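K.L.:
Give me coordinates for this.
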Amino acid sequence: WDLPSRQWLAVTSILLIAGAAGVAVPLALKVSSGAPLAERLQVATQLLDTVPLIDGHNDLPWNIRKFLHNQLNDFRFDDDLKTILPWSKSAWSHTDLQRLKRGRLAAQFWAAYVPCEAQHKDAVQITLEQIDVIKRLTERYSPHLTSCASVFDIVQAHKNRQMCSLIGVEGGHSLGGSLGVLRIYYALGVRYMTLTSTCHTPWADSSNADAPKYDIRHGGLTAYGKTIVREMNRLGMIVDLSKSSVGTMKDVLATSQAPVIFSHSSAHALCNSSRNVQDEVLELVTKNRGLVMVNFYNKFLRCSDNASVQDAV
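P.N.:
Residues are numbered from 1 along each chain as shown. Next up, the predicted model:
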């Protein structure tokens, strides 16, 4: 692809997701709040038939590593994992193929996550292993799952009633400081990168910089961090600002030539957490034509152990 095409991929990917949210409003207005559940479900089904539902972040690949050491022969993704140990006992396990189908999910960004402890050690190796397990999982459960790397892929898969598997790398420490590694990730199908996990990198501050008892390291992006953002723009890889500091968010929004996303963040005005997005940043995201995908974790929705669907809405 030439340069404009790659940039357009990043822009179009976000607009497609944003369009899904925008279309929902007028369709939902056709059903009164007092309508029977069956009628409301019918409208929801019609909406999901028309617009792909995209989930921006799922940590299942890390659970596969943690529980099964990435041995997919021991994993039955098509079973009801709510009834199978260790999945049934884990507070962080909410995914199996049955539930994804019932939810009418059209596309899933799987997180190629690497813990911060791997920074400056084996982060690149672990990231590659997590990309590998995502690809193997997708192949094993074809035709239910299919690899996607473009808007065209998502649209075609949705028409064919297949679920797209997309890859996002969680944490810029996964680069090992190398632009070459970033380009290799893109070639392997990675379509977004979360700039920071819950740790600073040598070129960007994480949300820890805004939390009590933590230090600010850079005040946002360094010059090299801005180079990474520009290279992601050139490639067509989406910049994900979840888990970034406010300083990093602002620097990215001043640097990026393409819309950004927050793959799993909620509203700071509703829950005062450093993991959430402040109103002043939301205004900048609007100007950037970016997107915030709401995190449904209770403590980020309400700063409480309990939250409801209404809190998410």
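K.L.:
Test my guess that Asp215 contacts Ala209.
P.N.:
Yes: counting by C-beta atoms under 8 Å, Ala209 is a contact partner of Asp215 at 7.2 Å. C-beta here means a position set from N, CA and C on the backbone, and glycine is covered the same way.
K.L.:
Please say which of those two ends up with more neighbours.
P.N.:
Shown here are Asp215 and Ala209; by other C-beta atoms under 10 Å, Ala209 has more neighbours (22 against 8).
K.L.:
Which residue lies closest in space to that one, excluding its sequence neighbours?
P.N.:
Using C-beta to C-beta, 6 or more residues apart in numbering and skipping residues adjacent in sequence, the residue nearest Ala209 is Ser245, 3.9 Å away.
K.L.:
Would you mind measuring from Ser245 to Gln130?
P.N.:
Distance of Ser245 to Gln130, given as C-beta to C-beta, to the nearest Å: 24 Å.
K.L.:
Looking at the two, which one has more neighbours?
P.N.:
Ser245 (28 against 24).
K.L.:
re earlier: would you check that the residue nearest to Ala209 makes contact with Asn208?
P.N.:
Yes: when contacts are counted by C-beta under 8 Å, Ser245 is listed as touching Asn208 (7.5 Å).
K.L.:
Need the overlap of contacts for these two.
P.N.:
Contact criterion C-beta atoms under 8 Å, 6 or more residues apart in numbering; residues shared by Ser245 and Asn208: Ser274.
K.L.:
number of nearby residues for Val31?
P.N.:
Neighbour tally, Val31, other C-beta under 10 Å: 15.
K.L.:
likewise Met249?
P.N.:
28.
K.L.:
and the helix or strand harbouring it, what's its mean pLDDT?
P.N.:
Here Met249, judged by DSSP states H and E, is contained in helix 246-255. Model confidence over helix 246-255, given as mean pLDDT, is 98.
K.L.:
by contact count, what packs against it?
P.N.:
helix 223-235, helix 279-288 (3 or more C-beta pairs under 8 Å, 6 or more residues apart in numbering; DSSP states H and E).
K.L.:
which residue packs closest to Pro143, ignoring adjacent ones?
P.N.:
Pro143 sits nearest to Gln162 (C-beta to C-beta, 6+ apart), 5.9 Å away.
K.L.:
ok, Ile131 to Asn208 distance?
P.N.:
Look at Ile131 and Asn208: by C-beta to C-beta, they are 26 Å apart.
K.L.:
quick one: contacts of the helix holding Met249?
P.N.:
195-196, 204-206, 209-210, 216, 218-221, 225-226, 229-230, 239, 241, 244, 260, 277-278, 281, 284-285, 287-288, 290.
K.L.:
ok, now with 6 Å
P.N.:
With contact meaning C-beta atoms under 6 Å, 6 or more residues apart in numbering, helix 246-255 is reached by 204-205, 210, 219-221, 226, 229, 239, 241, 281, 284, 288.
K.L.:
Need the CA coordinates for it. PDB is fine.
P.N.:
Coordinates of the C-alpha atoms in helix 246-255 are reproduced here as PDB (Å, rounded to 0.1, in the frame of the first residue of the first chain):
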ATOM      1  CA  VAL A 246      -3.200  13.000  30.400                       C
ATOM      2  CA  GLY A 247       0.100  14.500  29.200                       C
ATOM      3  CA  THR A 248       0.600  11.600  26.800                       C
ATOM      4  CA  MET A 249      -3.000  11.900  25.500                       C
ATOM      5  CA  LYS A 250      -2.600  15.600  24.800                       C
ATOM      6  CA  ASP A 251       0.800  15.200  23.100                       C
ATOM      7  CA  VAL A 252      -0.600  12.400  20.900                       C
ATOM      8  CA  LEU A 253      -3.700  14.400  20.000                       C
ATOM      9  CA  ALA A 254      -1.400  17.300  19.000                       C
ATOM     10  CA  THR A 255       0.800  15.000  16.900                       C
END
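K.L.:
On the C-terminal side of the worst-scoring helix or strand of the chain on mean pLDDT, identify the next helix or strand.
P.N.:
Lowest on mean pLDDT, DSSP states H and E among the helices and strands of the chain sits helix 3-28, with a mean of 41. Downstream of helix 3-28, the next assigned helix or strand under DSSP H and E is helix 37-50.
K.L.:
List the buried residues of that following helix.
P.N.:
Residues Val43, Ala44, Leu47, Leu48 are the ones in helix 37-50 that count as buried (16 or more other C-beta atoms under 10 Å).
K.L.:
Could you check how far it is from the centre of its chain?
P.N.:
The chain centroid and the centroid of helix 37-50 are separated by 25 Å under C-alpha atoms, centre = their mean, to the nearest Å.
K.L.:
what's the answer for stretch 276-294, then?
P.N.:
15 Å.
K.L.:
Contacts made by that stretch with the rest, please.
P.N.:
14, 17-18, 56, 249, 253, 259-263, 265-269, 312.
K.L.:
Please check those and keep the buried ones.
P.N.:
Buried among the contacts of stretch 276-294 (16+ other C-beta under 10 Å): 14, 17-18, 56, 249, 253, 259-263, 265-268.
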